[in-house]
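[1] A predicted structure for the sequence below; I have some questions about it.
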Amino acid sequence: MRLDTSHMRYLSHDDFRVLSAAEYGSKNHEVIPTNILHQLGGLRSTSATNRSISELAKIGLISKMRNAKYDGYRLTYHGYDYLALKTFLKRKTVYSTGNQIGIGKESDIFTVGDDAGKENVLKLHRLGRISFRSIKNNRDYIKAHENLSWKFLSKIAAEKEFAFMKALYENGFSVPVPIDQSRHCIIMSLIDGTIMRRLLTHDNPSRLYSTLMSFIVRLANHGLIHCDFNEFNILIKDKFDTPEEEIVVIDFPQCISISHVDAKRYFDRDVESIKSFFKRKLNFESDYFPEFDRDVKREQNLDLLVNASGFSKKEVKEY
Ligand code: ADP
Ligand code: MG
């Protein structure tokens with residue numbers, strides 16, 4: 001499936017103003033009344049606003065709320081995607097859109113091209129797609145905002161993921177190159193490799209195992225625990241120079257601080273995921289595995305830098 005951008009070139013300047021008004025209005029209104037859309041859009045006449053409204057509604061960027069007490073519209077996921085893409089186009093981080101390469105419970109992944117023709121990855125966070133209750137409970141920013149909209153939650157997830165990825169990239173971790181972020185979307189480099197889940201054999205499982213365990217420990221020494229460190233979020237490259245470069249770790253919105261009350265439990269769970277995959281799939285077991293209390297020694301405060309959940313105000317003062 002391709003990301004549908006076919007209407008993008010046909011939308012008029014007025015249409016985009018009304019679409020932006022729908023986004024802005026949704027900060028204060030669940031359903032945005034037509035007269036507010038008109039005021040915020042600043043179009044010269046109500047009939048011009050109405051024309052744009054019906055154009056946007058026809059292609060599904062906003063939708064009419066029929067059950068509301070008043071006549072109003074809501075920005076759709078599709079509309080929110082458009083606004084983010086428009087921003088990327090303007091910043092020249094996206095020039096063309098390509099195929100969908102992944103679909104998760106909470107995201108859609110596409111390839112995109114920049115204007116030099118380089119292929120990158122666009123990840124669109126979709127947090128409202130499933131019930132908030134079933135989302136992992138370590139995402140305490142969700143607990144705090146349980147009744148907030150999918151737009152807001154997806155945006156926070158993208159901002160968090162981008163911030164984590166940037167901090168890790170700048171500290172030499174093997175993660176995709178963070179390129180841009182807008183609203184619920186991030187752009188990162190495309191990794192040429194295979195998802196670890198697909199791995200059936202490996203010529204040196206012991207080396208790979210130790211690379212992965214070292215990543216977990218080094219990440220913790222920098223103040224963070226991934227919390228979803230498993231075969232679905234690790235890419236194995238075909239070509240690499242050092243063992244560290246063989247793996248690329250993705251999917252960071254749920255990272256927590258090593259000062260989180262449940263840090264040890266989540267650390268152990270990440271370690272266990274790797275042990276279990278190696279036993280099940282690669283028939284490899286080792287007596288060695290990292291332990292939170294014995295092996296984690298704080299060297300950096302990336303959790304403070306990116307405001308990871310679990311890092312309390314009190315600790316911020318201490319560092
Ligand atoms: P989710 O939060 O939905 O799990 P992920 O970030 O884990 O999303 O991405 C889902 C899938 O998309 C991954 O399992 C991987 O196959 C693919 N993918 C994501 N990012 C990249 C990337 N930078 N390069 C290559 N493939 C990627
Ligand atoms: Mg994932």
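    Looks like it arrived, so ask away. Ligands and ions are numbered 1, 2, ... in the order given.
[2] shouldn't residue 223 be in contact with residue 303?
    Yes - counting by C-beta atoms under 8 Å, a contact exists between residue 223 and residue 303, whose distance comes to 3.7 Å. (Glycine included, C-beta is placed from N, CA and C.)
[3] So which of the two has more stuff around it?
    residue 303 (29 against 26; other C-beta atoms under 10 Å).
[4] what's around residue 279, how many residues?
    Residue 279 has 12 nearby residues by other C-beta under 10 Å.
[5] Please look at it and residue 285 and confirm they touch.
    Yes - in this structure residue 279 lies within contact range of residue 285 using C-beta under 8 Å: 5.5 Å.
[6] Skipping adjacent residues, who's closest to residue 168 in space?
    In space, not counting the residues next to it along the chain, residue 168 is nearest to residue 175; the distance is 4.8 Å by C-beta to C-beta, 6 or more residues apart in numbering.
[7] Please identify the residues of the stretch 1-150 of the chain in proximity to ligand 1?
    101, 102, 104, 106, 107, 109, 121, 123 (C-beta under 6 Å from any ligand atom).
[8] Just the buried subset of those, please.
    For these, burial is judged from neighbour counts taken by 16 or more other C-beta atoms under 10 Å, and it is met by 106, 107, 109, 121, 123.
[9] Can you tell me the SS state at residue 97?
    Put simply, residue 97 is strand when judged by DSSP: H, G, I helix; E, B strand; the rest coil.
[10] Who does it form a beta bridge with?
    Taking DSSP bridges, one obtains residue 112 as the residues bridged to residue 97.
[11] I'd like the distance between it and residue 5.
    5 Å (C-beta to C-beta, to the nearest Å).
[12] So for the two, which residue has more residues nearby?
    residue 97 (19 against 15).
[13] Which pLDDT does the model give the more buried one?
    Per-residue confidence at residue 97 stands at 91 (pLDDT).
[14] Tell me how many other residues crowd residue 86.
    By the measure other C-beta under 10 Å, the count of residues near residue 86 is 18.
[15] and it, which of the three is it?
    When the structure is split into helix, strand and coil by three-state DSSP, residue 86 lands in helix.
[16] give me phi/psi at residue 179?
    Residue 179 has phi and psi values of phi -110, psi -50 when expressed as degrees, to the nearest 10.
[17] And the strands in the stretch 1-150 of the chain?
    Secondary structure of the stretch 1-150 of the chain (DSSP state E, counting those that start in this stretch): strands at 32-33, 62-65, 72-75, 96-103, 107-113, 119-125.
[18] Can you redo these as CSV, where the extra columns are distance to residue 239?
    Rendered in CSV, the data for those read as follows (distance: least, C-beta to C-beta, whole Å):
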stretch, distance to residue 239
strand 32-33, 51
strand 62-65, 46
strand 72-75, 43
strand 96-103, 19
strand 107-113, 19
strand 119-125, 17
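[19] Lowest mean pLDDT across these, which one is that?
    strand 96-103 (a mean of 89).
[20] Could you report the pLDDT at the residue in the chain positioned nearest to ligand 1?
    Closest residue of the chain to ligand 1, C-beta to the nearest ligand atom: residue 104 (1.9 Å). In this model, residue 104 is scored at 75, pLDDT.
[21] For residue 221, which non-adjacent residue is spatially closest?
    Taking C-beta to C-beta, 6+ apart as the measure, residue 221 lies nearest to residue 299, with 4.7 Å between them; neighbours along the chain are not counted.
[22] ok, the one you found - how many residues close by?
    Burial of residue 299, expressed as a neighbour count using other C-beta under 10 Å, amounts to 11.
[23] Ok, residue 35 next?
    Counted with other C-beta under 10 Å, residues neighbouring residue 35 total 13.
[24] ok now do residue 14, which residues does it touch?
    Residue 14 makes contact with 41, 43, 48, 49, 51, 52, according to C-beta atoms under 8 Å, 6 or more residues apart in numbering.
[25] per-residue confidence at the third one?
    Which is residue 48. Per-residue pLDDT puts residue 48 at 97.
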